[in-house]
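In: how would this look folded up:
(chains A and B)
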Amino acid sequence: MKLNGKQLFLSIILLVTGFILSFSYQMTEKQNRSIERNNEWKREDSLRSQILAIQKSNQELSGSLRKMQGSIAKKEKKLAEQEQTSYNMVEDLTKLRLLTGDVKAKGEGIEVTLSDASYMPEGENPNDYIVHEEHIRSVIDELLVSGAEAIAVNGQRISHDTFISCIGPVISVNGTQYPAPFVVTAIGDSSTLEKSMNLYITDKLVDEGIQVRVGVNSEITMEPYLTEES
Amino acid sequence: MWLPVLSLIIGLFLGYISELRIPPEYSNYLSIAVLAALDTLFGGIRAQLQGTFEDKVFISGFFFNILLAAALAYLGVHLGIDLYLAAIFAFGVRLFNNIAVIRRLIISKWNDNRKKA
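Out: Prediction:
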């Protein structure tokens, strides 16, 4: 009986000891696991903060990108304006070149033929019945005023330094002599040029005893006038 | 002899499957309880081997030691001193002492048996 009681006490003690031991073991394991979970949480947190930092830097970068794009747009606008200016300049240059006769000209236009009077009454001054330089000049002036882009006399381009002079029965244009009839060709809006020719100058020329014929040509080609210095 | 072994196994099993949770700040108490239990157990074994085993001393020692250790730890927590370390130290030293005594007793017993044989 005494032995039994001893054994009973011993078993109770062992029961409690075993319980405490395994409970402690299990507790420690759980704690370790929760520490691991804590570490995971920390990892997640650091990853999240990394993401946040990256997002922030992304935002900054996109902001600077927007700024750069803005400056690029400004520069492009400036460039476009410059291009517009240069385009206008090139256009002006082309017009001026046409006027000075430096380039080949091609397009619709009119053809004015001035010839001496075929009939000259007896006893009259023959000077009153032939084409003079001023007639050609007035035709050229009229054509220029009406917006002719390029003018030629008998195929000789008229430029800013062209000289037309009368040498007896012939007329010299840029030093080249031409007899009558004189063909003045002008490139430009053909209907405008024709109207301007018929306005009064034709009548005036006819009055002065010159035969005038105005014709519209849809395709005129003019060779450039090349001076010796150019 | 089977009853103590069975109860030890049952205790281990119960402790392992128990879903009881204690807050982490009380884990000090648990470690002290573990040490106190082990100390008492080995003390009991030594007493048994020396022939001075007494039930009352053993039982009261077991529970009293655990309670004293817990009280010491409690006091330490409230005083801001790690007093439970003192309990752990005391129990650890005693544990080693007891185990050393048990070892010597077992060796001398074994020597006696050989001489007899």
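In: Nearest residue to whichever residue of chain A sits closest to chain B in space, ignoring adjacent ones along the chain?
Out: Proximity to chain B, evaluated over chain A using CB to the nearest CB, is greatest for A:G18 at 2.7 Å. (Each C-beta comes from the backbone N, C-alpha and C, glycine too.) Take A:G18 and drop its neighbours on the chain: the residue closest to it by CB to CB, 6 or more residues apart in numbering or on different chains is B:G11, 2.7 Å away.
In: quick one on the thing from earlier: okay, the residue of chain A closest to chain B and A:T162: tell me how far apart.
Out: Going from A:G18 to A:T162 by CB to CB, to the nearest Å gives 128 Å.
In: With A:Q55 instead?
Out: A:Q55 is 75 Å from A:T162, by CB to CB.
In: Please identify which of those two sits among more neighbours.
Out: A direct count of neighbours by other CB atoms under 10 Å in any protein chain shown for A:Q55 and A:T162 places A:T162 higher, at 19 against 10.
In: Let's verify the more buried one: helix, strand, or coil?
Out: Look at A:T162: counting by DSSP: H, G, I helix; E, B strand; the rest coil, its state is coil.
In: My guess is it contacts A:N174. True?
Out: Yes. Counting by CB atoms under 8 Å, A:N174 is a contact partner of A:T162 at 5.6 Å.
In: between these two, what contacts are shared?
Out: Common neighbours of A:T162 and A:N174, counting by CB atoms under 8 Å, 6 or more residues apart in numbering or on different chains, are A:Q156, A:Y225.
In: Can you point out the buried residues in stretch A:6-24?
Out: Counting neighbours by 16 or more other CB atoms under 10 Å in any protein chain shown, one finds that the buried residues in stretch A:6-24 are A:6, A:9-24.
In: for the record, mean pLDDT for stretch A:5-21?
Out: What stretch A:5-21 shows for mean pLDDT is 79.
In: my bad, stretch A:120-132
Out: Stretch A:120-132 comes out at a mean pLDDT of 76.
In: ditto for stretch B:39-53
Out: 84.
In: hmm, who's touching it?
Out: A:6, A:10, A:13-14, A:17, B:54, B:57-58, B:61-62, B:65-66, B:91, B:94-95, B:98-99, B:101-102, B:105-106, B:109.
In: Kindly format the C-alpha coordinates of the host helix or strand of B:R46 as CSV.
Out: If you go by DSSP states H and E, B:R46 is part of helix B:27-50. In CSV, the C-alpha atoms belonging to helix B:27-50 read as follows (Å, rounded to 0.1, in the frame of the first residue of the first chain):
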residue,chain,number,x,y,z
SER,B,27,7.3,32.6,-20.8
ASN,B,28,9.8,33.4,-18.0
TYR,B,29,7.5,31.8,-15.5
LEU,B,30,7.1,28.7,-17.7
SER,B,31,10.9,28.3,-18.1
ILE,B,32,11.2,28.5,-14.3
ALA,B,33,8.5,26.0,-13.8
VAL,B,34,10.3,23.6,-16.2
LEU,B,35,13.5,23.9,-14.3
ALA,B,36,11.8,23.5,-10.9
ALA,B,37,10.0,20.4,-12.1
LEU,B,38,13.2,18.9,-13.4
ASP,B,39,15.1,19.8,-10.3
THR,B,40,12.5,18.2,-8.0
LEU,B,41,12.4,15.2,-10.2
PHE,B,42,16.1,14.6,-10.1
GLY,B,43,16.2,15.4,-6.4
GLY,B,44,13.6,12.7,-5.8
ILE,B,45,15.6,10.2,-7.8
ARG,B,46,18.7,11.0,-5.8
ALA,B,47,16.8,10.7,-2.5
GLN,B,48,15.5,7.4,-3.7
LEU,B,49,19.0,6.2,-4.5
GLN,B,50,20.3,7.4,-1.1
